[in-house]
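Next input, structure requested:
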Amino acid sequence: MIEQQVAIPLPSGHRMRARWLKPETVNPHQAGIIAIHDIFGYTDDIERIGRRLAANGYPVLVPDLYDLPGSKPLCVVKTLKAHETGKGEAFEQLEASRQWLLEQTETPVTQVGVMGFCMGGRFAVLFASRAPVQVVAPFYGGIPKNADDLRGICPAVGGWGRTDVIYGSHGDRLASHLEILGVPHDIKSYDNVGHSFMNNHQTFVFKKLGALPPLRSRYDEAAAEDSWQRVLAFFDKVFSGALQATPTAAG
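Just a heads-up that it's a prediction; the model follows:
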């Protein structure tokens with residue numbers, strides 16, 4: 001596997017930091033993945049997730065959504081505002097990442113998937129409803145109340161933890177929306193599991209305080225490994241053409 005830092009040109013002229021991971025053996029479907037970090041930003045953990053994808057044959061781009069012109073606190077505020085409103089530079093950053101993946105010549109990519117966690121899970125769902133990506137894998141992010149807000153979304157695979165008081169029901173909400181829209185999906189909500197069960201941050205705040213209510217954030221190996229198996233199997237079905245969306249209008 002080859003890893004390197006790259007700079008993604010944005011419409012503003014700013015060049016956003018991103019990590020580019022190229023697998024030794026590339027998947028046969030010319031598919032690449034954008035991995036979107038959680039609220040903690042670009043960390044060792046999102047690199048770990050990127051490496052897991054690359055180890056399974058996917059070229060991976062990990063953008064730093066907090067890398068915008070201006071001070072770091074202001075950049076974080078802008079990103080969080082975009083997260084809540086569904087509008088803002090974060091979506092330009094994701095589209096620039098998609099274009100970069102398709103245009104780079106080191107490893108041919110003609111299909112793009114998006115995978116996101118927590119904050120990144122919501123961004124992944126909203127972006128996949130607007131952009132021509134082939135598959136989305138959101139985990140424990142906030143889901144809009146109305147199915148019509150996700151019209152145009154691609155096939156989805158993801159997971160939520162039911163003991164997460166804030167977002168634990170959002171997996172069921174997404175599954176219901178996808179049923180209404182007629183979009184293939186594998187959305188699973190895990191009992192006795194909270195928020196951030198696929199993230200394994202090695203920080204005091206996450207390890208000691210994260211498990212407290214209301215989110216009950218804690219890495220759960222069993223749920224994480226089950227999720228990885230579901231994600232990789234679903235990705236292969238979509239990218240191979242064995243599974244395709246046949247969306248209908250939301251009612």
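
quick one: low-confidence ranges for the protein?
Residue ranges of the chain with pLDDT under 70: 71-85, 245-251.

any chance you could map the helices in it?
Listed in chain order, the helices of the chain (DSSP state H) span residues 44-55, 72-85, 89-103, 119-128, 170-181, 204, 221-239.

Among these, which comes closest to G159?
helix 221-239 (4.7 Å; C-beta to C-beta). The C-beta positions use only the backbone N, C-alpha and C, and glycine is treated the same way.

buried stuff in that closest one?
223-224, 227-228, 230-232, 234-239 (16 or more other C-beta atoms under 10 Å).

now these in TSV, with distance to H201?
Shown next, in TSV, are those (distance: C-beta to C-beta, whole Å):
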residue	distance to H201
A223	16
A224	13
S227	17
W228	17
R230	22
V231	20
L232	22
F234	25
F235	24
D236	28
K237	30
V238	29
F239	29
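
For T107, state which of these is nearest.
Ranked by distance to T107 (C-beta to C-beta), these are led by F239 at 14.3 Å.

isn't the closest one right up against V135?
Yes: if you go by C-beta atoms under 8 Å, F239 and V135 touch, sitting 7.1 Å apart.

Now do the shared contacts for these two.
Counting by C-beta atoms under 8 Å, 6 or more residues apart in numbering, the shared contacts of F239 and V135 are G113.

P69 is in contact with H14, isn't it?
Yes: judged on C-beta under 8 Å, P69 makes contact with H14 at a distance of 4.9 Å.

Quick check on those two: which one has the bigger neighbour count.
A direct count of neighbours by other C-beta atoms under 10 Å for P69 and H14 places H14 higher, at 16 against 13.

What residues does the more buried one make contact with?
D67, L68, P69.

What distance do you get for it to Y167?
Distance from H14 to Y167, counting by C-beta to C-beta, to the nearest Å: 31 Å.

before we move on, what about W100?
30 Å.

And for stretch 142-157, what's in contact with it?
Counting by C-beta under 8 Å, 6+ apart, 86, 121-122, 125-126, 128-130, 133-138, 167, 170-171, 173-174, 176-178, 180-181, 183-187, 230-231, 234-235, 238, 243-245, 247, 249-250 sit against stretch 142-157.

how does it look with 6 Å?
Here stretch 142-157 makes contact (C-beta atoms under 6 Å, 6 or more residues apart in numbering) with 122, 128-129, 133-137, 167, 170, 173-174, 177, 180-181, 183-186, 230-231, 234, 238, 243, 245, 250.

I appreciate the help and will end here.
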